[in-house]
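Colleague: sequence plus the predicted model coming up.
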Amino acid sequence: MLVIVLVTLLFTSVALVAFIEQASNDLLVESRVAAAKRLRREAYSALEVTLATLQSFSQADNGLHSPAEGWGDPLGFAGWTPREGCTAEVTFEDESGKIPLTRVDAATFVNLFVSWKMAPPDAEKLADALLGWMKKDYVPASGAPTDYDQMAIPYAAPGRALRSYSELAAIDEARVVFYDKQDRPNDLWRRFAATFSLFDYPQADLNSAQPDVLAALGFSDLSQQQRLADYLAGKGASGPPGPRWFTSANAAASVLGSGALPPLAGVQIRALRIGITIREGRSVFRLTTVVTPATDGATLVQETVSLSGAPTETNDTATGVMVSVFHGNMGSNIGHVADQRDKMVQVELKPAGGPPPTPGPATGAIGVRFATGTPANPSPKLNYPFTLLEIWENAEMPPAPPAPPDA
């Protein structure tokens, strides 16, 4: 009898320990979910305050040019703080300081690759391969056919701009240059990604252009690049000390010693990447967005799915649109983006068509990329000053691109 009681106590103890461990794990998960929801609210509040600050400066200065204008600390400028126990940090990256891939020509590619100490024939060959992949009906200057159809899984050049830098692995010549022997992206891959943007906008902003961007635009002279860097940093005799920025193309051309800027060079921010980090104890929530002015801003170039099911290519702001359970503008719906991202679907709206299809389930992504446009039956317009191009929650922080060898 005693043995039976002892065995029963043993099994009861084991079951109780297992239950406590499982309950502890469940409580930990629920605690993290609750913390994420609390911090998410603070992050989106900080984003709204940041955008309000940016709009104030944009109206005063006829557009955004550089954080040196005074909006580098938007939360401090607005006097906003998160709730007690939380801290908020805002960072900016001028995405339009890069060159839009949709507008690159052979000369731009060759300028960059030659600045990397690549032999001109090799630079031209690589540029030819990239343009053959990106441009529809492009006729390679070399005349050499590609062997994409001879791969283990045959494919064809898509004839549109890159949607991901990972596509470089599929392009003849490019995979040799941008990947190491273990098929991992190398430093040239990272420099390429830091030079060219996947978004479409008219001009790169010289206020934040890196040396590789300047070289691609034709300013490969190191003395030109140094003059530009010194001017923006407030060094030298050309102007008062302290950070400066360009508001006109003529001013930038004067500093660079050029009669005029190339067509791809400008002085205004067209796409701004905003990073918001909210901390509460050991809990951290990161929100990353790319925003563009509502007028004359950047757009996405991507494949959309038509209502008939046929894929189409568009960067037309009149037809390409992200349809979700919350129609309307970002101003009235930004707080619901995170909760509704699992109900979004990408479609192409036909002007004379019927209502958009019912949004379907997500694929598990933690981010959303929006196409600009006007949905059918929109909710009342708030004239929101920015368009949201991307939004990511708790995305992995990318490493900084390597510095040029001559830097």
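Modeller: Received the coordinates, thanks.

Colleague: distance of L222 from D61?
Modeller: To D61, L222 is 31 Å away according to CB to CB, to the nearest Å. (Glycine included, C-beta is placed from N, CA and C.)

Colleague: before we move on, what about D212?
Modeller: On the measure of CB to CB, D212 and D61 end up 27 Å apart.

Colleague: so these two - more neighbours on which side?
Modeller: A direct count of neighbours by other CB atoms under 10 Å for D212 and D61 places D212 higher, at 22 against 16.

Colleague: which residue ranges of the protein form helices?
Modeller: 2-61, 74-78, 106-115, 120-134, 174-178, 187-195, 211-216, 222-233, 249-256, 330-333, 337-340 (DSSP state H).

Colleague: for the closest residue to D73 other than its chain neighbours, which residues make a bridge with it?
Modeller: Distances taken as CB to CB, 6 or more residues apart in numbering put V90 closest to D73, at 7.4 Å, once the chain neighbours are dropped. On the basis of DSSP bridges, V90 is bridged to I276.

Colleague: report pLDDT for V90.
Modeller: pLDDT, V90: 96.

Colleague: next one: L162
Modeller: Value for L162, per-residue pLDDT: 92.

Colleague: pretty sure it sits against M134.
Modeller: Yes. L162 lies in contact with M134 (CB atoms under 8 Å); the separation is 6.7 Å.

Colleague: common neighbours of those two, please.
Modeller: Listed as contacting both L162 and M134 by CB atoms under 8 Å, 6 or more residues apart in numbering are L101.

Colleague: quick one: residues contacting F196.
Modeller: K98, I99, P100, L101, V104.

Colleague: as a markdown table, these with distance to L256, neighbour count and pLDDT would be great.
Modeller: As requested, the contacts of F196 are exported to a markdown table (distance: CB to CB, whole Å; neighbours: other CB atoms under 10 Å; pLDDT from 0 to 100):
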| residue | distance to L256 | neighbour count | pLDDT |
| --- | --- | --- | --- |
| K98 | 18 | 25 | 97 |
| I99 | 16 | 24 | 97 |
| P100 | 20 | 24 | 96 |
| L101 | 23 | 23 | 95 |
| V104 | 20 | 21 | 94 |
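
Colleague: list the contacts of P158.
Modeller: P158 neighbours (CB under 8 Å, 6+ apart): W133.

Colleague: how far away is I391 from A52?
Modeller: Distance from I391 to A52, by CB to CB: 17 Å.

Colleague: which one's more surrounded, these two?
Modeller: I391 (24 against 14).

Colleague: correct me if wrong: the more buried one contacts T288.
Modeller: Yes. Taking contacts as CB under 8 Å, I391 lies within contact range of T288: 7.3 Å.
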